[in-house]
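> Requesting a structural model of the entry that follows:
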Amino acid sequence: MSRWLIPGSNARTAPHKNGGARSTKAPVLGAGLTNNGPDLHLAQPASSKRGSEDKGRTDISKAKPVSGAKNCNTGAKSSPNYCTTCDTAFTSAVQLRTHKMARACEDRLQCKHCPMRFGSYKSTRQHERRAHPVEYAGEIEKMRGPLPEPEILQIMARIEAREPAGRVNKCMAEATDLTVDQVRFRRRKPEYQRYLELARKQFRASGTRILPAKSSSPAASTSGSSVVCQTPVPEGKDKLKQPASCENEPLSQDMESPLLQKVSARQKRMRESCSPHDLNPAKRKTAGVGTDVGRNTSSISTSSKATGSNGAPKNARDGKRKRRESDSPIQSKIVQPRTVVASPSDQLGMEPARSKVPVSLRENAAHHSGSGNLSGRNTTAAPHAPEAELPPFPLRDLAPKVNINSTFVEYLRDARSGFNLPEHGEIRRVIDMALLGSTEQLTVALDRWVESRFSSNKRTKNNRTRGASKPGRHYNQAKGGSGKRAAEYKKAQDLYAKDRSGLAERVLKGQGMHESIELPSLAEVEALYGGIWESLPAGDDEPIADPKVAERSAFYPITPDDVSKWKANWQNSAPGPDGITVADVKKMSNNELSVVFTTIFGSKIHPTTWKQSRTILVPKDGDRRRAENHRPITIGSAPLRLLHRIVQGRIGAAIQLSHHQRGFVKMDGTLANVLILDHYIGSRKDAGKSYNVLSVDLRKAFDSVQHASILRGLRRVGLEEGIVEYVASTLADSITTIKVGNEISRPIHIRRGVKQGDPLSPLLFNIVVDELLEALNRDWAGGSLNSEMRIAAMGFADDIVVLADRIIDLPLMLGEVESFATSRGLALNAKKCVALCAVTSSGDKRPLPVTRAFLSVGGEKIPQINVLSTFKYLGHNYGATGINKANIPNLQAWLRNIETAPLKPDQKLTLLNQYLIPKLQYGLQSPGISGGVLKDVDRHVRGAVKRFLHMATHTSDAAIHAKITDGGLGIPELRRVVPQILLKRITKLLLETGDDVVSCVLQSDRSLALLRRIQNLAGDVPAEQLWREAIASGPSTAGMQYASEDAASRSWLRNRPSGWSGRDFVRAVHLRSNNLPTNGLPYKPADLRMCRNQGCKNVETLSHILQKCDLVHEERVRRHNEVANKIATHARSKWQTEEEPHVRHPDGQLYKPDIVVHLEGARTVVCDIQVSWEGNNGLGQPWQRKRLVYGNDKFVEAARLRWPGRTFEFLPLIIGARGIWPRCNEPTERALGLTKQLKDSCVHSALKWGSSMHATFMRRARAIEAKSGRV
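Take a look at the predicted model:
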């Protein structure tokens, strides 16, 4: 037995004066377990052999426990005989003094990589980890941690199961490097009996002995990472009978869990031959069950090893095996008429539904009686009939009647007479065929209804996206220089118009516009998803152990109110392959949709086009040239998606799933699971107790789940058979095509999996996984959140996390997950699974992570998390001590990519605000939130905005962070916004959740401390209010707060006006934020702030230039005239209008109003237009002053002389010089009927003329300075 040592450590086992030995504590990461028994595992042995360096050292694994040391639940530092320098405990104070006098630990205070020394070994190791991370990580990698306790128990159980008699204790001790006493202690544990029982089950089922593969021979390499040895047969005993599934088939301990023995041999054969998770399905062996699609026949190939030349079995055992295989539900050479249909459940490999209501058979199956004749509509299929008993189908009764529930029949009859439906239309034909016709006739009627209602709405090739520009001449032709830049810009503009999200992805990744998108080949995609979806499922006939009862019925007619309810909040989405859009469906009558949906829902018959769908690939993390790193989103017809929204709502309201599933539910499941996991790890770490977390990844879970498992899950939750049959009908005969770039795959039949993109799919998947979550939380103690609340597993859709306080429970729980997944057609992905195990050991008061990988799936080890590594769960990084502090390492690179992208400034602002900021907000909303990190993010974002908008460094932060409605650019300040959003989410979760686990976590002391910290970060005043007040009180932004009064004041910031260049947009932003350069800026000396126009005595501010300075008087008049001409043109199109009429009073005073509009009747509106500077008081006062110019008795007297018999209204029109349209203009808008487009146009004119006036002033001012010699 070798000594347990730390590489590079000088720890010793000093002899005790009484002949004993004291233990040295090895404070390394990856220490093993210490149970409350005579076994001590502290660190990994430095060598597997004894050497000269082991002389004088005592084997710790055989040493007696130190009397003064604590057990695994307490720390050694609580002992009085403890050396804080080298972290070593002693049995007496004399030994501690002798140790200190000998200075035996001085060498541990020296860093091994630099000359620095520290006061304790802990500080030394901390310095090495931070200052020398590469060397430190190398030391960690070189250390082999001790065998974890679950692996020890597994080895012992396999030995005892293989050798039930004999000296098993000695064999166990040799295999595990334990003493015999330690082996005996473990064999007395209750947990060991569970490991032993599973090992015996595996041994009896396989009849093989698994040993590690150490040979490189071809025989060894054929079985992967293990070799199979035939179990020796003791003398006088018969040879163990081997199941058919194990004949000539290597089994592996890692690949075949003992819990999987429930799976039948036929299911194993089907799964191995037609695995949906084979990454290279093209090279897969044939399944032995072939299907002739053209002839619609199926056959079973027999093995030459099972029969002789005449077809008889070679021996009795083979004959029994053949008789067992004859009971297979796969029938041989059944020739079926094309028009005969069977129940969808039969297609999916399940038993026929045992319902009281007779169900007609549909699609690709037939029912027969014992005499070989059809017995009518009410007969059921015989799924296990032998081949010889199947006669050919007769040619009568090939069109069975539509089988529809009486409730649906009554509803359709009432709808035919009560609803306002056309007398002679396809909708009435649908009702007639549902009530009186056959299944084939109803299918034809539904197809005709779809064609008549949506044929004119199909998209054509000429329907291009609005605003998309045509390819330019530089497309893919320029080699470099200006031509290449022009081509890049042209491509970017096309992507901005057609695929803005794709453009954002390219820009953030730093890809060029002409770089080809990394996509897998079409052949690879067809091989992967064709192999998954078209593989024959093994079936799921496992009995339901814990059936539920639904709370209410979900199978009843769909009313117009249901259609209206689910139409209301239905967001626009992509159309299906038939081209029908969401807008097209929303325009349809609710009554008509109610009739069609009720017919389809009750009869389980769909239109032919609704069975077809299209699939697009959404990239995930990883190499995007590989097909498995993409998520297939299957999009069906839009009316079908609306129907499934209604059905999903009904099923969700009728059943009660486990509250441990928080994906696709009406709560903030992401935040809840993140807080639970962080609370579990943090609370256990603070208490000095062990904790174990296993994150399970299911490979292609949504695409691989068996349809039979879905129907089994529906029956398990207690839904009516009508719901089960409808879901089966939607799953059967589905076909899709996959688009990869500009290529489209062949039609692929979906025989397994759910369609990601269908509203019903998330609920169906949750129903399947619900059984696993309930079983784990019912049968296992799991992890403790406090003294009363425990949780063993939680899920977010297919992301499952297993928690356990005891590390020995983790392999058993993993085996149960693997067994469940295999039974449902799923598989675990060991590369993406991750385990975090931290245990306490003697001398430590905190748990240390286990670095040795001891969990495996499919022969592959699941990686372990150490102090240097992390794993991602729901977008947040977790380490050995819990959730990491939120950090954005790629922020500067993302901002740089946006800044250098070939886009206009407003387009860069859009990408930043609509794509990057939301991405940052989610990543920063975590329990590890930090005010310093948020401030750094805001600083970098403000700097990037100022650079690509060419704003001065002294620009007010309020001009950037205030909302657009308040006068800013609308860039959120994450320092205030993120804590406020997170605080609202936690508060809402606490008040609205009925989940006991979530309530327990949120009411704990740890969560309350987190809430207080977030409240301090968020502050008492909302961020919007703070920035609104800053805009109103700022010297350069005062008056911009009135942008909230009308959308015309801010519409140009969201969508750049047509005809504006990027320079125009930037100059307008400068005008709005007072960024245009002038001499009147506050940072200049007072004597240099005067206007450069000769004779002007005013300070050269922007308001002076735009409103008063004589140097740009002509431009000021043109600005006024352009706005006035737009209003006059609008009024002239409707009424008699006069521009600048001369109205003279008898005393000689002349009035010239801008516009006089003679409305209907005797009303006349006198409108005068003015462009004013927005100040603190707004534009209400200029409007009142302008109104009094003409609203006086003197003008009224003159106007009545000019236009006798008219009544006059005096309504001025005021526009801000910086683009504000005030609320005081509302009377003028109503009187003249000003449109939104006209108001926007007037604001755009004011902005462009303001920018032009400033440029003209600067040009003339510089000429004056040059002439006077000041420059």
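> doesn't Gly1178 make contact with Ala1038?
No. Under the criterion of Cβ atoms under 8 Å, Ala1038 is not in contact with Gly1178, lying 10.1 Å apart. From N, CA and C alone the C-beta is placed, and that goes for glycine too.
> Look at these two and report which has more neighbours.
Gly1178 (20 against 17; other Cβ atoms under 10 Å).
> can you tell me which residues contact that one?
By Cβ atoms under 8 Å, 6 or more residues apart in numbering, the residues touching Gly1178 are Gly1039, Tyr1042, Pro1222.
> Mind putting those residues into TSV with distance to Pro1182 and secondary structure?
Below are these laid out as TSV (distance: Cβ to Cβ, whole Å; DSSP: H, G, I helix; E, B strand; the rest coil):
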residue	distance to Pro1182	secondary structure
Gly1039	12	coil
Tyr1042	12	helix
Pro1222	9	coil
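> TSV please, covering the residues you listed and showing distance to Asn913, neighbour count and pLDDT.
Shown next, in TSV, are the contacts of Gly1178 (distance: Cβ to Cβ, whole Å; neighbours: other Cβ atoms under 10 Å; pLDDT from 0 to 100):
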residue	distance to Asn913	neighbour count	pLDDT
Gly1039	23	25	92
Tyr1042	22	26	94
Pro1222	26	22	95
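> Identify the residue spatially nearest to the residue nearest to the spatial centre of the chain, adjacent ones excluded.
Nearest residue to the geometric centre of the chain (Cα atoms, centre = their mean): Leu874, 7.2 Å. The shortest distance from Leu874 to any residue other than its chain neighbours is 5.2 Å, reached at Thr670 (Cβ to Cβ, 6 or more residues apart in numbering).
> Any idea how many residues pack against that neighbour?
18.
> buried sites along the helix or strand hosting it?
Assigned by DSSP states H and E, Thr670 falls within helix 669-686. By 16 or more other Cβ atoms under 10 Å, the buried positions in helix 669-686 come out as 669-685.
> Then stretch 1236-1256?
Applying 16+ other Cβ under 10 Å to stretch 1236-1256 flags 1238-1254 as buried.
> model confidence over that stretch, on average?
Averaging pLDDT along stretch 1236-1256 yields 96.
> Equivalent analysis for stretch 666-679, please.
Rounded mean pLDDT across stretch 666-679 is 94.
> Other residues contacting that stretch?
Contacts of stretch 666-679 (Cβ under 8 Å, 6+ apart): 662-663, 693, 785, 791, 794, 796, 801, 803, 873-876, 878, 882-883, 925-927, 985-986, 988-989, 992-993, 995, 997-998, 1001-1002, 1004, 1006-1007.
> and Ala838, that's in a strand?
Yes. Assessed by DSSP: H, G, I helix; E, B strand; the rest coil, Ala838 belongs to a strand.
> Can you read off the backbone torsions of the residue nearest to it when sequence neighbours are not counted?
Nearest residue to Ala838, sequence neighbours excluded (Cβ to Cβ, 6+ apart): Pro847, at 3.8 Å. Backbone dihedrals for Pro847, given as degrees, to the nearest 10, come out at phi -70, psi 140.
> Isn't Pro847 up against Val839?
Yes. If you go by Cβ under 8 Å, Pro847 and Val839 touch, sitting 5.7 Å apart.
> Please enumerate the shared neighbours of these two.
Ser690.
> Which residues are in contact with Ile404?
Ala434, Leu435, Thr599, Gly602, Ser603.
> Of those residues, which belong to helices?
Ala434, Leu435, Thr599, Gly602, Ser603 (DSSP state H).
> For Leu642, state which of these is nearest.
Distance to Leu642 across the ones in helices among the contacts of Ile404 (Cβ to Cβ) is lowest for Thr599, with 14.6 Å.
> Tell me, how many residues neighbour the closest one?
Count around Thr599 with other Cβ under 10 Å applied: 28.
> How much space separates it from Ala654?
21 Å (Cβ to Cβ, to the nearest Å).
> now swap in Pro1085 and tell me
For Pro1085 relative to Ala654 (Cβ to Cβ), the value is 78 Å.
> Show me which of these two is the more surrounded one.
Each of Pro1085 and Ala654 has its neighbours counted (other Cβ under 10 Å); Ala654 has more, 18 against 6.
> count of residues packed around the residue lying closest to the more buried one once chain neighbours are set aside?
Of all residues not flanking Ala654 in the chain, Ala554 sits nearest, at 4.2 Å (Cβ to Cβ, 6+ apart). Residues contacting Ala554 under the criterion other Cβ under 10 Å number 19.
> For Arg1006, identify the helix or strand it belongs to.
helix 1005-1018.
> Now do the buried residues in that helix.
Result for helix 1005-1018 [16+ other Cβ under 10 Å]: buried residues Arg1006, Ser1007, Leu1010, Leu1011, Ile1014, Leu1017, Ala1018.
> Can you tell me which of the ones in helices among the contacts of Ile404 has the most neighbours?
In these, the most neighbours by other Cβ under 10 Å go to Thr599, 28 neighbours.
> Can you name the residues that contact the closest residue to it other than its chain neighbours?
Of all residues not flanking Thr599 in the chain, Ala434 sits nearest, at 4.6 Å (Cβ to Cβ, 6+ apart). Listed by Cβ under 8 Å, 6+ apart, the contact set of Ala434 reads Val402, Ile404, Leu412, Leu442, Thr599, Gly602, Ser603.
> Met794 touches His660, doesn't it?
Yes. Counting by Cβ under 8 Å, His660 is a contact partner of Met794 at 4.7 Å.
> Tell me which of the two has more neighbours.
Higher neighbour count among Met794 and His660: Met794, with 28 against 23, using other Cβ under 10 Å.
> Are we agreed that the more buried one is in a strand?
Yes. According to three-state DSSP, Met794 belongs to a strand.
> Show me what it is bridged to.
Val801 (DSSP bridges).
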